[in-house]
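J.: Here's my sequence, what's the structure:
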Amino acid sequence: MFFSIIVPVYNRPSEVLELLQSLCDQVYKKFEVIIIEDGSSDKCDKAVRQFEDKLTVRYFFQDNAGQGFARNFGMSQAKGDYFVFFDSDCVIPATYLESLLEAIRNRQLDAHGGPDEAAEGFSAFQKAINFSMTSFWTTGGIRGKVADPKKYQARGYNMGLSTKVYATIGGFIDPNQGEDIELSIRIKKNGFNLELVKEAYVYHKRRNDFVSFLRQSFSFGQNRVNVNRFHPGAIKAVHLMPALFLLGFLIVVFSRLVYTPLFFLGAIVYGSWTLGVLWSATIGCRSLKVGLLAILTSYGQLFAYGAGLINGLLRK
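T.: Numbering: from 1, shown residues only. Alright, predicted model coming up:
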């Protein structure tokens, strides 16, 4: 099988260097890399040229259209049998394509999604963000840790599909608003086999500060409402949980003024959740600093996602 790895980029030349270096180390070598510069002012063409003698890599520039449409352009230029999408802030383990190929053949996959993990060298804040985006204490429990791999909805930072799927249903129909989730749902509705491949994980080296992380989480909440426009029923109970978490917290705070017993009950509930996050992140990452930061990022992720979902529903 020949893979086409498609990467949309927007003002991230240093990330592209690290991504391409990790692709040089792949055990399975039958692949090409297509970089689509999506209207960047800080271009990565010089970074790409450094790898032209190490990888089969092609660089394209287009006016800014959004990452979904950038991926569509990449597929239109690709020569492979199977398309793999990465975000530019990912670092790819050496066995990724080897593991993916084995899963495609053994499980007869038409498409896949993979999880993200934090590498040992990530900063404490990056590890805390990764925890809040992947933990069962938050909505992260649905990002790579589902019990049934067939129920997984792939995310654009790490997903792929065959040329047969692309020829049948096309690519992304939205540039930036939950376009990966929408495509995942459409793939399954058309009878194709999309599953989670846990072995095909990436190290997702997010560059967020706390404010940008909140903005991103807010947009994720809004995006779920946008996906529901195309696929009614896409908002499940698990997606409502952050909104309930936010509203519950506000009720508890307000109850301090009007009904003290409710305040103390809420304090016990939210306090227990906070201790659970602290314990889980500290043990999992072997760092109290990460555990403390994970409290901040987990509250922020749930509050922002819940606010985004509520905002999207009200605007709808």
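
J.: my read: residue 92 touches residue 202, true?
T.: Yes: here residue 92 reaches residue 202: they are 5.7 Å apart, a contact under Cβ atoms under 8 Å. C-beta coordinates here come from the backbone N, C-alpha and C atoms, glycine included.

J.: Give the residues shared as contacts by these two.
T.: Counting by Cβ atoms under 8 Å, 6 or more residues apart in numbering, the shared contacts of residue 92 and residue 202 are residue 86.

J.: So these two - more neighbours on which side?
T.: Per other Cβ atoms under 10 Å, whichever of residue 92 and residue 202 has more neighbours is residue 92, with 25 against 22.

J.: Give me the nearest residue to the more buried one, chain neighbours excluded.
T.: residue 22 (4.5 Å; Cβ to Cβ, 6 or more residues apart in numbering).

J.: For the one you found, which residues are in contact?
T.: 91-94.

J.: Could I have the CA atoms of whichever helix or strand it is part of written out in CSV?
T.: Using DSSP states H and E, residue 22 maps to helix 13-24. Extracted in CSV, the C-alpha atoms of helix 13-24 (Å, rounded to 0.1, in the frame of the first residue of the first chain):
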residue,chain,number,x,y,z
PRO,A,13,7.2,26.5,9.7
SER,A,14,9.0,25.2,12.9
GLU,A,15,6.3,22.6,13.5
VAL,A,16,6.7,21.3,9.9
LEU,A,17,10.4,20.7,10.5
GLU,A,18,9.7,18.5,13.5
LEU,A,19,6.9,16.7,11.8
LEU,A,20,8.9,15.9,8.6
GLN,A,21,11.9,14.8,10.7
SER,A,22,9.7,12.3,12.5
LEU,A,23,8.4,11.0,9.1
CYS,A,24,12.0,10.3,8.0
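
J.: Can you give me the buried ones in that helix?
T.: Neighbour-count burial for helix 13-24 flags 13, 15-23 (criterion: 16 or more other Cβ atoms under 10 Å).

J.: Kindly report the same for stretch 37-53.
T.: Those would be 37-40, 43-44, 47-48, 51, for stretch 37-53 by 16+ other Cβ under 10 Å.

J.: Out of these, name the ones that lie in helices.
T.: 47-48 (DSSP state H).

J.: For the closest residue to residue 67 other than its chain neighbours, give the beta-bridge partners.
T.: Excluding the flanking residues, the one nearest residue 67 by Cβ to Cβ, 6+ apart is residue 8, at 4.3 Å. With beta bridges defined as DSSP bridges, residue 8 has these partners: residue 36.

J.: thought residue 8 was touching residue 34?
T.: No: contact status for residue 8 versus residue 34: not in contact, 9.6 Å apart, counting by Cβ under 8 Å.

J.: ok, residue 4 - how many residues close by?
T.: 23.

J.: can I assume it sits in a helix?
T.: No: Residue 4: not assigned to a helix; according to DSSP: H, G, I helix; E, B strand; the rest coil it is strand.

J.: In stretch 233-248, which residues are buried?
T.: Using 16+ other Cβ under 10 Å as the test for burial, stretch 233-248 gives 234-235, 239, 241-243, 245-246.

J.: care to break the chain down by domain?
T.: As assigned by automatic domain parsing, the chain contains the domains 3-114+152-207, 124-142+209-316.

J.: Could you work out the end-to-end span of the longest one for me?
T.: With Cα to Cα, to the nearest Å applied, domain 3-114+152-207 spans 27 Å between its terminal residues.

J.: ditto for stretch 160-176
T.: 17 Å.

J.: what distance separates it from the middle of the whole chain?
T.: When C-alpha coordinates are averaged (Cα atoms, centre = their mean, to the nearest Å), stretch 160-176 and its chain have centres 17 Å apart.

J.: try stretch 302-309
T.: For stretch 302-309, the distance to the chain centre is 16 Å (Cα atoms, centre = their mean).

J.: got the buried residues for that stretch?
T.: Result for stretch 302-309 [16+ other Cβ under 10 Å]: buried residues 302-309.

J.: Give me the contacts around it.
T.: Residues outside stretch 302-309 that contact it (Cβ under 8 Å, 6+ apart) are 138-139, 213-225, 235, 239-247, 249.

J.: Show me which helix runs longest in this structure.
T.: helix 288-315.

J.: any chance you could map the strands in the stretch 101-250 of the chain?
T.: 111-113, 116-117, 158-162, 194-196, 202-204 (DSSP state E, counting those that start in this stretch).

J.: for the first one, packing partners?
T.: Taking 3 or more Cβ pairs under 8 Å, 6 or more residues apart in numbering; DSSP states H and E as contact, the helices and strands that strand 111-113 lies on are helix 96-107, strand 158-162, helix 179-189, strand 194-196.

J.: Touching it from outside, list them.
T.: Residues contacting strand 111-113 (Cβ under 8 Å, 6+ apart): 100, 103-104, 144, 152-155, 158-162, 165, 184, 187, 192-197, 200.
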